[in-house]
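> Need a 3D model of the following:
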Amino acid sequence: MKDADIVEIEAWLDTQGLCGASETDLINGFCARCVGAGIRLERANAFVDTLHPIYEGRVFLWRREGELEKPIIEYGSSQWGESAENWQNSTFFHLLQIGEDEMHQRIGMMEMPTFRHLVTLKDEGCTDYLALINRFSSEGSIGEMDCFYSSWATDDPHGFSETDIATLRRLVRGLGLAIKCASLTRIVKTLADVYLGRDAAKRVLAGRINRGAAERIEAVLWYSDLRDYTRISDAASPDAIIPMLNDYAEAVISSIQEAGGDVLKLIGDGTLAIFTDGDSATACTAALKAQKLLRKRLVVLNQTREAAGQPATNVYLGVHIGEVFYGNIGSDTRLDFTVVGPAVNEVSRIASMCRSVDQDILISESFAAALPTELRSKLVCVGRFALRGVGRAQELFTIDPAIIRSI
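Numbers count the residues shown, from 1 in each chain. Below is the predicted model:
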């Protein structure tokens, strides 16, 4: 490979990294340019760990023969199970254990390569293998994301030349930096979604980060909590509380998000969410869809927990519609992107009334009035109540138990 080709690839990596190219586009473009410049790559893998509540990291795959069915593999924890076994039998794990950053294996000349995945490469016609680790400094690491790992294989009968290897060492640094940039962007979006909610995350990442930056909107408000949570938590062992909260939070949050809502806050066993898509009738209908999804999930969840001898419960829910301020509230150094206003206080009071009237869901007057006629006809009034901290008494509704399955 000529030095001019190397410089051209480095310039391409700089440009792609700055413009935010995806990891897949980076690895595909990089390998195609290396092949075009004379390095006979047959396959390549690159991966970095990440910060994600489910996945530990992502692998990006390239094959010279064309597009792969799965060019990206998201892997789980390397601490247990099949993922742990695969990791501990990898060249990269071995390199980390011995404190090295590179492994070169002429697998075509070996009767039996040392690592089983190298045996597979040899069986598939590869002759040479190069593994590289590009480490980040402690200041440049985020969680487990402390290295860029890459492996390169060729089917050239003579293997990689010394020039090929020196060129890959040089170029992979730039590839690692570009992929790290793309992965960091993905991490920021993931963390914002997970901790702020999808709509709030979108607004924050668009630049709504100034204290006091809030807008007045009409929103459907959802507030739910668990029936008898205090009694159950007092009776249960401490190590059973978090799994129980996670089980029920998963049911609540999944139902809200599936119906198009956004979860803004988890407060102990409570959940505050909003529905804002479409007009008032559409948003109210979405909230009732979420509660229907939730009830179905709770049936399955409670059966599972009871069968395992674990405490089971139900979810109280209050829904309301009203004007709120939606935006940043807090100090210069600690902000919360949430909703505030009398309507937020009102929906929490409505939810707390579920215990007094023995209903799983209570619906405000304004929410009921905003529903389409067909859905409004499925409601029944449970009475008129003066809510604590709310200036006026109002009628509260629930879903007619005789027809709840039809909503």
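> Any chance you could list what contacts stretch 106-123?
43, 89-91, 94, 105, 126-129, 153, 157, 159 (CB atoms under 8 Å, 6 or more residues apart in numbering). All C-beta spots, glycine's among them, are computed from the backbone N, C-alpha and C.
> Paired strands for the biggest strand by length in the chain, with orientation please.
Scanning the chain for the strand with the most residues, using DSSP state E, yields strand 315-330. With DSSP bridges as the test, strand 315-330 is paired with strand 214-226 (antiparallel), strand 335-340 (antiparallel), strand 361-363 (parallel).
> now those as TSV including mean neighbour count and distance to Thr24?
Shown next, in TSV, are the strands paired with strand 315-330 (neighbours: other CB atoms under 10 Å; distance: least, CB to CB, whole Å):
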stretch	mean neighbour count	distance to Thr24
strand 214-226	21	37
strand 335-340	19	31
strand 361-363	26	44
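> Tabulate those (CSV), appending mean pLDDT and distance to Phe148.
Output for the strands paired with strand 315-330, formatted as CSV (pLDDT from 0 to 100; distance: least, CB to CB, whole Å):
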stretch, mean pLDDT, distance to Phe148
strand 214-226, 95, 40
strand 335-340, 90, 32
strand 361-363, 97, 50
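> Indicate which one of those strands is closest to Leu266.
strand 214-226 (10.4 Å; CB to CB).
> Roughly how far does Asp228 sit from Lys189?
For Asp228, the distance to Lys189 equals 37 Å [CB to CB, to the nearest Å].
> Surely Thr185 touches Cys19?
No - the criterion here is CB atoms under 8 Å, and Thr185 misses it with Cys19 at 11.5 Å.
> Looking at the two, which one has more neighbours?
Neighbours per residue, other CB atoms under 10 Å: of Thr185 and Cys19, the larger number sits with Thr185, 13 against 8.
> what helix or strand does that one sit in?
helix 162-196 (DSSP states H and E).
> chain center to that helix: distance?
19 Å (CA atoms, centre = their mean, to the nearest Å).
> try stretch 319-336
23 Å.
> next one: stretch 154-170
38 Å.
> Start and end of it, how far apart?
For stretch 154-170, the first and last residues are 18 Å from each other (CA to CA, to the nearest Å).
> contact partners of that stretch?
1, 6, 34, 39-42, 102, 104, 106, 108, 125-128, 130, 132, 152.
> Likewise for stretch 301-317?
Residues beyond stretch 301-317 that count as contacts (CB under 8 Å, 6+ apart) turn out to be 222-229, 232, 235-236, 240, 243-244, 247-248, 251-252, 291, 294, 298, 351-352, 354-355, 360-362.
> Can you list the buried residues in that stretch?
For stretch 301-317, burial by neighbour count (16 or more other CB atoms under 10 Å) applies to Leu301, Asn302, Arg305, Pro311, Ala312, Thr313, Val315, Tyr316, Leu317.
> what do you get for stretch 167-175?
Buried, per 16+ other CB under 10 Å, within stretch 167-175: Thr167, Leu168, Leu171, Val172, Gly174, Leu175.
> One more: stretch 384-403?
Buried-residue list, stretch 384-403, by 16+ other CB under 10 Å: Phe385, Leu387, Leu396, Phe397, Thr398, Ile399.
> Please name the residues that touch Ile39.
Ile39 neighbours (CB under 8 Å, 6+ apart): Met1, Thr154, Phe160, Asp164, Thr167, Leu168.
> redo that, cut-off 6 Å
Asp164 (CB atoms under 6 Å, 6 or more residues apart in numbering).
> quick one: it and Cys284, what's the gap?
Distance, Ile39 to Cys284, using CB to CB: 60 Å.
> Touching the helix or strand of the chain with the lowest mean pLDDT from outside, list them.
Lowest by mean pLDDT, DSSP states H and E among the helices and strands of the chain is helix 81-88, with a mean of 84. Residues from elsewhere that reach helix 81-88, judged by CB under 6 Å, 6+ apart: Tyr75, Gly76, Ser78, Phe93.
> what pairs with Val340 across the strands?
Beta-bridge partners, per DSSP bridges, of Val340: Phe325.
> i'd like the first residue to be 41 from this point on
With the count now opening at 41, the last piece we talked about shows up as Val380.
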